[in-house]
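1. Here is the input, now give the coordinates:
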Amino acid sequence: MLVDDQELVRSGLRRILRRRDGFEIVAECADGADVPGTLAGLANDGDAGVDVVLMDLRMRQVDGITATQRLSDDPLSPPVLVLTTFDDDEMLSGALRAGAAGFLLKDSSADDLIRGVRAVAAGDSWLDPAVTGRVLHAYRGGVPTPVDSGVGEVLTPREVEVLRAMAIGRSNGEIAADLVISELTVKSHIGRIFTKLHLRDRPAAIVYAYDHGLVSPATP
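-> Numbering: from 1, shown residues only. This is a model prediction of the structure:
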């Protein structure tokens with residue numbers, strides 16, 4: 001489901017999230033106020049369910065944070081991926097508090113949008129690395145990030161390098177090029193990082209890196 005008050009934006013999203021790539025746009029809303037009724041209508045009509053709601057933050061009647069909160073109050077509602085033009089740490093952290101599964105800036109690449117939607121549809125989260133550090137800082141109310149000197153006792157130096165690279169948004173291919181290793185080796189390192197740190201996915205690894213001081217929040 002696409003929720004955005006600009007038809008031009010929704011049209012652009014439709015062009016990226018194409019049926020031939022495994023996506024189907026089953027509903028669109030121009031305001032957060034329309035989301036609950038549209039979801040209910042889909043359920044009553046027996047149409048295809050919604051796996052992900054792509055939610056804009058700023059809309060005229062009901063904003064994305066309020067709409068996300070209303071959805072999160074119902075455990076059967078689909079997960080929300082916030083998509084916004086506004087690099088606003090407080091608004092993005094507010095969306096996380098409201099229950100969003102992640103956030104993505106509208107100037108992100110089409111590939112990142114596709115990866116983000118697929119991740120959230122699979123039950124994971126997606127945090128845009130461009131602003132993750134600052135948003136997490138705002139989310140925690142400005143509490144200083146602790147530095148965990150024990151990370152190096154759990155991970156090898158190379159695994160720490162890979163974790164840091166993931167946290168600043170480097171892809172597996174970029175990490176491989178940076179460290180002069182194969183992409184398969186990068187994937188092996190990431191698998192071991194997940195196992196050693198008991199992490200479920202890449203977004204969880206990004207949060208871990210910021211929480212433990214391996215990466216500092218970016219300054220505006």
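2. contacts, neighbours, all on C-alpha from now
-> OK.
3. Give the residue spans of this structure that score low on pLDDT.
-> Along the chain, the parts satisfying pLDDT under 70 run over 46-48, 87, 129, 133, 136-149, 203, 216-220.
4. All the strands of it, in order from the start?
-> 2-3, 28-29, 53-55, 80-84, 102-105, 126-127 (DSSP state E).
5. In a markdown table: these, plus mean neighbour count and distance to residue 158.
-> Formatted as a markdown table, the strands of the chain follow (neighbours: other C-alpha atoms under 10 Å; distance: least, C-alpha to C-alpha, whole Å):
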| stretch | mean neighbour count | distance to residue 158 |
| --- | --- | --- |
| strand 2-3 | 25 | 40 |
| strand 28-29 | 18 | 45 |
| strand 53-55 | 27 | 36 |
| strand 80-84 | 27 | 32 |
| strand 102-105 | 25 | 28 |
| strand 126-127 | 26 | 23 |
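6. could you dump the ones you listed to a markdown table with distance to residue 69?
-> Formatted as a markdown table, the strands of the chain follow (distance: least, C-alpha to C-alpha, whole Å):
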| stretch | distance to residue 69 |
| --- | --- |
| strand 2-3 | 14 |
| strand 28-29 | 17 |
| strand 53-55 | 12 |
| strand 80-84 | 10 |
| strand 102-105 | 13 |
| strand 126-127 | 18 |
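7. Residue 179 is nearest to which of those strands?
-> Of all the strands of the chain, strand 126-127 sits nearest to residue 179, with 23.7 Å by C-alpha to C-alpha.
8. Can you list the buried residues in stretch 80-96?
-> With burial defined by 16 or more other C-alpha atoms under 10 Å, the residues of stretch 80-96 counted as buried are 80-84, 89-96.
9. Ok, stretch 11-28 next?
-> Buried, per 16+ other C-alpha under 10 Å, within stretch 11-28: 13, 17, 25, 27, 28.
10. and residue 4, how many neighbours?
-> Residue 4: 24 surrounding residues under other C-alpha atoms under 10 Å.
11. So what does it have for phi and psi?
-> phi -160, psi 140 (degrees, to the nearest 10).
12. residue contacts, it?
-> 10, 28, 29, 30, 31, 55, 56, 59 (C-alpha atoms under 8 Å, 6 or more residues apart in numbering).
13. try it again with 7 Å
-> By C-alpha atoms under 7 Å, 6 or more residues apart in numbering, the contact set of residue 4 is 10, 29, 30, 31, 55, 56.
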